[in-house]
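Colleague: fold the following and give me the result.
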Amino acid sequence: MPELQPFVPPDQQPPEFTVRALLLGSFFGIVFGAVTVYVGLRAGLTVAASIPISVLSISILRAFGRASILENNIVQTTGNAGQSIASGVIFTLPALVFLGFELEYARIFMLALIGGWLGVLFMIPLRRQLIVKEHGALPYPEGTACADVLIAGEKGGSLASRVFLGLGLGALYTLFQNDNIFKAWPGTPEFQPDFGPAHILKGASIKADATPEYLGVGYIIGPRVAGIIFAGGVFSWLVLMPLIYFFGKSLPNPVYPGTIPIAQMGPSQLWSTYIRPMGAGAVAAAGLITLLKTVPTIWSALTAGFKTMRGGEAEAARPIRTEDDLSMTVVLLGSLALMVITFLFLEFKPVPGAYVGWGANLAASLLVVVFGFLFVTVSSRIVGLVGSSASPVSGMTIATLMATAAIFLVQGWTAPAFGALAITIGGVVCIAASNSGDTSQDLKTGYIVGSTPWKQQVALMIGVVVSTIIIGFTLNVMNTGLQQFRAAPQDWDLNAPHPGVAIQNEAHLPEKIPVIAADKSKTEHSKSEYTVLNAVGSPELADGKYLYSPASKRIEVQWIQGIGSEKAAAPQARLMATVINGILSRKLPWGLVMVGVFLVIAVELLGIRSLSFAVGAYLSIGTTLAIFCGGVVRWLVERASAREGEAAETESDISSGSLYASGLIAAGGVVGLLGVALKAYENFTDKGDILNFPHTFLDNMGVSVIAFALLAYSLYYFARKPLKK
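Modeller: Sure, this is the predicted structure:
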């Protein structure tokens, strides 16, 4: 197949690597990085940002005079780094919270920076092989679609108006719906079935987090995937949870890993205690199955990568503009420097309470580079075939964690500190693999439009640096803003041995602690009243933090961290913590985990995409039902299009519906994140509800359903309305 002729020929040099392009791309990197953290922690899913960034860039730069297609490409290249880095971070590093450690800003920044730069550096020698030589074999669907958007923008036509419509209406809706802002109506309408004297379906729950970002995500992923995800939620919340209550309601004692009798549990407690371990097993099995399916692709990616490394791509003469990559010297020296930085960081800035010695830190640094190169090569080729959304990054990370944990286990390194070190290794590898996949898509876009490779590669590195600034901050804001203190009184002898429970000198408690009782009333307590206990793998307490009162000699409060709560479940990170804990401590609710494993095997035998089902089985039904609603809107749009003889949308289409949905996602993420920041400010300053919206007739479940239905109708309406040419 002859080489592609780029849109901008090599002998032309329009403006490309300009200051305004880098500044605008950096701004988008910060915005979409924060939005990806917010949406990803809540939904367990991320959506590619390159197309909406391209659309917005075309519109914004056009307002300031003529902009070249290559400038717009630099904007989306720089900005898209925020989304890819955030995806890798949220899939792994929040596991530190589940293991009982703190999410330090400096740690997140450094690990994200190292992983992001490794992802870019390792893609440099692979670009010519994967992007150019295999142009016909590896389509890179998102990269190709983004190139289509940029070329359409260069030729004329308006795409950005539909994104701004979604952004405006979605933001207005979120202001009134969000629990942390006005809360004019319930943000999560819920119905808990309990029929007749036999309490039929008690323990189940039907609810929806009626947010615009979930509606937009459901529309973009389509009815098929949204339906499979919701099927997992239905199985967990409407089949398993009622069964658990039915068989366990008469048991007087708690059933491990629960700490209270099943009869006293509500739906949320049943989900967090019994469904999450099962869901973790399901996600792990589905990720590994997905990885095994790609073994032929992995092998060809590795062999092609090594051939490229040996081949000596450098030529005596300087290459033409569209083939001018950063040199192999930059790759080798940069990789070596990152390995040294990793070692120094682990050695002199260990996780608090998790210092493991220079030998383990050196081994970790080597494993980061080895696994990083392996899975960057694999990820880059896989996304070329199936796209970024279907790349089994979580499976690659699980494989990294299992290999690392197995090495630690053989060495006898089984203390919780080594769990934190394993998460560090897995986190950097996951970030590198995630960023390399999106880097490949960006380089594909650049190849089609005629960009200069080395300028894109530098822009990617700049985007990595800028986006990592906001990602750690967003994680900490969500962890603080969504945290809750729930009354959980139980007797506790602090002087007796309690395996898996340790006292923590905690500096992050607010001075005033609002404790929520069982009847949802609030009482305020002082920080000085309590001692913080941290439970990891305890037979007596569920994993998490608790507040012990020396005065009453009892545990009085369960401190529910924002990350890991029902509002920010972080399913992939929870899975990573489960894998590490299970291998190193050899304590795991294996019965529940194996139920999840064999559930996934059954789903695979039915010929259904098991990873989507497993994620749905893990997540709250509030998330999966809202996403399913977006999928239903997409299905209705496609049926209407079919009746009128129009072509149905595909995942790579640049359609009015997908652009409007992107606006909804951005609106829900940005405004929702502002609400979380407001709640964190209220918690730290003890000012209560600053935006105290009065209770009116709107404070009704029916109003919530109607408002969400109207938002869904707006998505249907604008999806059916053609774009102006």
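Colleague: show me the contacts for R107.
Modeller: Each residue near R107 by CB atoms under 8 Å, 6 or more residues apart in numbering is listed here: 93, 349, 351, 472. Every C-beta, even on glycine, is put in place using the N, C-alpha and C of the backbone.
Colleague: quick check: which element contains the residue lying closest to the last one once chain neighbours are set aside?
Modeller: By the measure of CB to CB, 6 or more residues apart in numbering, the closest residue to G472 outside its immediate chain neighbours is I108, 3.4 Å from it. When elements are defined using DSSP states H and E, I108 is found to belong to helix 105-123.
Colleague: buried residues in that helix?
Modeller: For helix 105-123, the neighbour count (16 or more other CB atoms under 10 Å) marks 107-123 as buried.
Colleague: show the average pLDDT along it.
Modeller: Averaging pLDDT along helix 105-123 yields 92.
Colleague: CA atoms only: put it into CSV for me.
Modeller: Coordinates of each C-alpha in helix 105-123 appear next as CSV, following Å, rounded to 0.1, in the frame of the first residue of the first chain:
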residue,chain,number,x,y,z
TYR,A,105,0.1,15.6,46.1
ALA,A,106,3.8,15.4,45.4
ARG,A,107,3.6,11.7,45.0
ILE,A,108,0.8,11.8,42.5
PHE,A,109,2.5,14.5,40.6
MET,A,110,5.9,12.7,40.3
LEU,A,111,4.4,9.3,39.5
ALA,A,112,2.1,10.8,36.9
LEU,A,113,5.0,12.8,35.4
ILE,A,114,7.3,9.7,35.2
GLY,A,115,4.6,7.5,33.7
GLY,A,116,3.4,10.1,31.2
TRP,A,117,6.9,10.8,29.9
LEU,A,118,7.8,7.1,29.7
GLY,A,119,4.6,6.7,27.5
VAL,A,120,5.7,9.4,25.2
LEU,A,121,9.4,8.5,25.0
PHE,A,122,8.8,4.8,24.3
MET,A,123,6.4,5.7,21.5
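Colleague: tell me the one of the contacts of R107 nearest N72?
Modeller: G472 (28.9 Å; CB to CB).
Colleague: who's in contact with that closest one?
Modeller: Counting by CB under 8 Å, 6+ apart, G472 has contacts 103, 105-109, 112.
Colleague: swap in 7 Å and give it another go.
Modeller: 105, 108-109 (CB atoms under 7 Å, 6 or more residues apart in numbering).
Colleague: beyond the top helix by length along the chain, next helix or strand please.
Modeller: Ordering each helix of the chain by length in residues (DSSP state H) puts helix 416-449 first. Next along the chain after helix 416-449, taking DSSP H and E as the criterion, comes helix 453-481.
Colleague: need the next SSE after that following helix, C-terminal direction.
Modeller: Following helix 453-481 toward the C-terminus (DSSP H and E): strand 484-491.
Colleague: strands paired with that following strand, and their directions?
Modeller: Using DSSP bridges, strand 484-491 pairs in its sheet with strand 512-516 (parallel), strand 554-560 (antiparallel).
Colleague: indicate which one of those strands is closest to V97.
Modeller: The nearest among the strands paired with strand 484-491, by CB to CB, is strand 554-560 at 11.1 Å.
Colleague: surely the residue nearest to G472 touches N476?
Modeller: No - contact criterion CB atoms under 7 Å: I108 and N476 do not qualify, at 8.2 Å.
Colleague: what's near enough to touch N361?
Modeller: 343, 346-347.
Colleague: and it, how far is that from V351?
Modeller: 11 Å (CB to CB, to the nearest Å).
Colleague: again, but for L584
Modeller: 15 Å.
Colleague: try M110
Modeller: 12 Å.
Colleague: swap in W492?
Modeller: 27 Å.
Colleague: ok, back up a step: what's the angle from the longest helix of the chain to helix 105-123?
Modeller: With axes from the mean of the first three to the mean of the last three CA atoms, to 10 degrees as the basis, helix 416-449 and helix 105-123 are set at 40 degrees to each other.
Colleague: and the angle for helix 416-449 with helix 453-481?
Modeller: Using the same axes, to 10 degrees: helix 416-449 against helix 453-481 is 140 degrees.
Colleague: so how far is helix 416-449 off the chain centroid?
Modeller: 13 Å (CA atoms, centre = their mean, to the nearest Å).
Colleague: please name every helix or strand in contact with that helix.
Modeller: Applying 3 or more CB pairs under 7 Å, 6 or more residues apart in numbering; DSSP states H and E, one finds that helix 416-449 contacts helix 69-90, helix 95-98, helix 105-123, helix 141-155, helix 358-386, helix 393-411, helix 453-481, helix 571-585.
Colleague: buried ones in the last one?
Modeller: Going by neighbour count (16+ other CB under 10 Å), the buried part of helix 571-585 is 571-584.
Colleague: between the residues you listed, which sits nearest L4?
Modeller: Closest to L4, out of all of the buried residues of helix 571-585 and judged by CB to CB, is Q572, at 35.7 Å.
Colleague: re the thing from before, got CSV for the contacts of N361, with distance to G675, secondary structure and neighbour count too?
Modeller: Shown next, in CSV, are these (distance: CB to CB, whole Å; DSSP: H, G, I helix; E, B strand; the rest coil; neighbours: other CB atoms under 10 Å):
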residue, distance to G675, secondary structure, neighbour count
F343, 40, helix, 18
L346, 36, helix, 26
E347, 39, helix, 17
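Colleague: just these now: which is nearest R634?
Modeller: Of those, the one sitting nearest to R634 (CB to CB) turns out to be L346, at 45.4 Å.
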